[in-house]
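Chemist: just need the structure, nothing else, for what follows:
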Amino acid sequence: MKPKIFSWLLVLAGLFGTGSAIEASSPLVLNVPTNALTSYATSSNGTVVYFTCSASGGCNPPPILIVSPPSGSIFPIGINSVTATAKDNCGDVTNATFNVTVLALPLVLNVPTNTLTAYATSSNGAVVFFTCSASGGCSPPPYLTANPPSGNYFPVGTTTVTATARDACGNSTNASFNVTVLALPLVLNVPTNTLTAYATSSNGAVVYFTCSASGGCSPPPYLTASPPSGTYFPIGSTTVTATARDACGNSTNASFNVTVLALPLVLNVPTNTLTAYATSSNGAVVYFTCSASGGCSPPPYLNAGPPSGSVFQIGTSTVTATAFDDCGQSTNATFEVAVIALPLVLNVPTNTLTAYATSSNGAVVYFTCSASGGCSPPPYLTVSPPSGSFFPVGTNLVTATAWDDCGDQTNATFAVIVYPVGPVLSIYHGLIDAPLQIRWSEAGLESDLPSDPPRYGLEFVAGDNAFTAGNWMTYTNGFIRRINNDLLAKDQIGDLGFYRLNNTVTNPVFIPSATTLAATLVTSNYATLTGTATPVLDNTRYWFEYGYDTNYGLTTPTNTLATATNPASLGATITGLGLLYLYHFQLVVSDSDGLQYGGDQFFTTAGLPPTVTTLNATTNIFCIDCAPEVEMNGTVNGNGLPIAGYFQYGLTTSYGSDTSFDQFYSYYDYFSTQAYSFDVNQLNLPPNTTYHYRIVAFNLVSEGFGGDETFVTPP
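Modeler: Numbers count the residues shown, from 1 in each chain. Coordinates of the predicted model:
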């Protein structure tokens with residue numbers, strides 16, 4: 001019913017008296033969205049859309065409100081018309097419509113905007129990871145695919161990846177980008193300078209070097225070098241070519257040079273002339289040391305002609321030493337060896353020898369002559385007449401001759417005087433104050449009676465001031481000395497008369513005789529000195545004096561002899577002597593009237609050869625990567641003399657090779673045992689080979705050899 005009609009009905013009802021007034025109602029008011037509602041689909045069905053409609057007024061407010069489709073319904077994609085109806089109990093109705101539009105979101109696809117780059121890790125290429133994303137569509141998130149997918153092996157080169165996004169509504173979109181897989185460049189590192197090494201044999205030397213490579217399509221690349229590191233390189237310059245290649249067929253080359261040099265040969269020989277004294281007419285054995293180093297196969301071969309230890313003739317000899325190696329290099333050097341004959345030294349008594357005749361014919365006289373030096377010591381010695389001969393009364397000339405095998409000769413002479421039977425000293429003193437008479441006379445030819453005048457006219461009074469105690473007074477044919485109350489008289493030969501002032505004594509005596517004989521039992525450090533003496537007085541004493549020359553300087557203890565008529569054999573042992581020393585000595589005999597010397601003798605002490613012992617070889621390992629060090633070992637004692645020595649080695653007990661002749665030496669510590677070693681690795685012997693060896697040493701006496709031992713060379 002239209003409002004206007006309704007209003008007229010109310011008026012009529014009043015006019016005709018219904019008895020009450022009809023109230024007027026407010027109009028129905030329907031409120032709906034005035035603009036189209038828009039929403040985005042959340043699935044292929046569309047989306048749930050909420051909205052608000054309201055109604056007011058009518059005859060019985062609130063009015064009934066109906067909306068189709070209602071709020072909260074799923075609206076399909078597209079434009080949907082919604083109708084709202086409001087009605088009241090009076091039958092009034094009003095309608096309104098509006099639109100709900102459901103939109104599908106646009107598909108958005110995100111892919112890398114720049115080409116992706118990776119380096120090949122193998123010949124297949126490289127695994128490459130990337131990110132693509134998609135949004136929007138009618139059922140976000142949309143479906144997304146990439147071909148090839150992320151995490152796939154991409155081959156070397158450029159590959160196009162296509163990404164596709166689609167939704168449940170059938171919408172889709174595509175995008176593409178590139179993946180480029182690069183092969184790393186091959187890098188080859190080789191020595192930048194020429195490598196230099198010294199030859200260790202005629203084959204050259206083993207040379208080690210380092211090459212490295214990186215990059216390529218399958219790092220690390222393959223690497224080869226020709227010739228390879230650790231190869232024997234010949235003497236000269238060799239080009240080494242290194243090649244690096246990868247699984248993709250890429251390769252690169254580089255080269256460098258290895259130069260193997262032969263060490264120069266160095267030959268060491270004595271710089272001064274070697275001098276030795278002849279030990280025979282043939283000359284002398286002379287030892288010397290030559291050494292060589294360097295060359296292409298150190299140690300080089302070495303020989304000397306004549307070799308050390310040869311007999312060198314008297315005079316000057318030239319020794320030529322030659323060193324050579326397996327490469328044909330050689331060098332020579334010379335030096336001289338001079339062998340000198342020791343000068344002949346002839347020792348004879350320096351004073352005239354005197355003796356008393358033991359008969360009317362003369363006397364047997366002993367003396368000592370000696371000789372040393374020459375080219376074949378000791379030299380030959382003759383004496384004419386010889387010691388122990390019968391010498392007649394008077395002066396006799398003795399000639400001594402020394403000569404050697406080289407024809408050198410020297411002579412010396414001395415005199416032997418034999419006196420007739422000695423004179424008798426007669427002393428007479430009758431009264432204390434009477435003159436004292438002293439007479440010398442030939443035995444049996446002169447009367448001893450006091451009435452006879454003194455033959456030599458010697459006469460003096462007791463207590464004469466001329467006779468000072470202890471002093472000898474010289475008279476015509478002798479000497480007189482006063483000691484307290486004793487008067488002594490002797491002639492020029494040495495006969496002695498004794499007179500005591502309170503009586504008369506005629507007592508002719510003789511001073512003792514002394515003869516030095518040759519030493520016996522001579523060893524390296526002691527000897528027995530010998531001689532003979534005839535003592536004529538009690539308490540006769542004797543000793544030996546000895547030393548390096550005729551000044552002596554050392555003495556043996558003093559001993560006492562009893563009076564005797566025959567020569568007594570005397571001896572004394574001296575110790576603490578030096579090795580190979582020349583010693584002089586003589587016998588000294590003493591009684592109350594003086595000394596008698598036996599004459600000089602000499603001897604040379606002996607020496608001992610060295611004591612030599614070969615010890616077991618030892619093996620030392622100093623680090624994990626080092627070759628073992630094998631050493632030959634031994635001990636030597638010079639037994640008081642300087643020593644030098646070396647090691648002999650070879651595949652059998654014949655040896656055949658040796659180290660340097662002066663491989664070891666000792667010129668100071670003569671008496672202790674010294675240990676010596678030699679590093680076998682220096683000899684460059686074949687590996688894993690058994691060798692025999694022994695230690696050899698020599699001193700001034702002789703050469704000594706240790707026993708046999710073995711060693712095995714390192715692998």
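Chemist: and for Ser372, the neighbour number?
Modeler: Neighbours of Ser372 under the rule other CB atoms under 10 Å: 18. No exception for glycine: its C-beta is placed from N, CA and C like everyone else's.
Chemist: sorry, wrong one. I was asking about Thr331.
Modeler: Neighbour number of Thr331 under other CB under 10 Å is 17.
Chemist: ok, it - contacts?
Modeler: Leu265, Leu267, Thr322, Ala323, Phe324 (CB atoms under 8 Å, 6 or more residues apart in numbering).
Chemist: so which strand or helix has Val630?
Modeler: If you go by DSSP states H and E, Val630 is part of strand 629-637.
Chemist: what helices or strands is that strand leaning on?
Modeler: Judged by 3 or more CB pairs under 8 Å, 6 or more residues apart in numbering; DSSP states H and E, the packing partners of strand 629-637 are strand 611-620, strand 643-650, strand 673-679, strand 690-698, strand 709-712.
Chemist: may I see those arranged in TSV, with mean neighbour count, mean pLDDT and distance to Ala514 as well?
Modeler: Below are the helices and strands packed on strand 629-637 laid out as TSV (neighbours: other CB atoms under 10 Å; pLDDT from 0 to 100; distance: least, CB to CB, whole Å):
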stretch	mean neighbour count	mean pLDDT	distance to Ala514
strand 611-620	15	87	42
strand 643-650	22	88	42
strand 673-679	15	81	45
strand 690-698	22	91	43
strand 709-712	17	92	58
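Chemist: sorry, back to before: what's the angle between the strand holding Val630 and strand 643-650?
Modeler: 140 degrees (axes from the mean of the first three to the mean of the last three CA atoms, to 10 degrees).
Chemist: direction included, what does strand 629-637 pair against?
Modeler: Within its sheet, and counting by DSSP bridges, strand 629-637 is paired with strand 611-620 (antiparallel), strand 673-679 (antiparallel).
Chemist: out of those, the one nearest Pro191 is which?
Modeler: Nearest to Pro191 among these is strand 673-679 (30.6 Å), distances taken as CB to CB.
Chemist: quick one: distance of that closest one to the chain centre.
Modeler: 12 Å (CA atoms, centre = their mean, to the nearest Å).
Chemist: what mean pLDDT does stretch 31-42 get?
Modeler: Over the span of stretch 31-42, the pLDDT mean works out to 89.
Chemist: which parts of that stretch are buried?
Modeler: Across stretch 31-42, burial judged by 16 or more other CB atoms under 10 Å covers Val32, Leu37, Ser39, Tyr40, Ala41, Thr42.
Chemist: what does it contact?
Modeler: Against stretch 31-42 from outside (CB under 8 Å, 6+ apart): 47-49, 51-56, 75, 77, 79, 82, 84, 96-105, 138-140, 169.
Chemist: ends of that stretch, how far apart?
Modeler: Start-to-end span of stretch 31-42 (CA to CA, to the nearest Å) is 28 Å.
Chemist: and for stretch 222-236?
Modeler: Terminal-residue distance, stretch 222-236 (CA to CA): 29 Å.
Chemist: buried set for that stretch?
Modeler: For stretch 222-236, by 16+ other CB under 10 Å, it's Leu223, Ala225, Thr231, Phe233, Ile235.
Chemist: repeat for stretch 542-553
Modeler: Tyr542, Trp543, Phe544, Glu545, Tyr546, Tyr552.
Chemist: what residues go with each domain of this structure?
Modeler: Structurally, the chain divides into domains by automatic domain parsing as follows: 25-103, 106-182, 185-261, 264-340, 343-419, 424-500, 513-604, 611-712.
Chemist: worst average pLDDT in these?
Modeler: Among the domains of the chain, domain 424-500 scores lowest, with a mean of 39.
Chemist: now the helices for this protein?
Modeler: Applying DSSP state H to the chain gives helices spanning 3-15.
Chemist: does Tyr50 touch Ser71 like I think?
Modeler: Yes - between Tyr50 and Ser71 a contact is recorded at 5.0 Å, counting by CB atoms under 8 Å.
Chemist: look at those two and report which has more neighbours.
Modeler: Ser71 (14 against 11).
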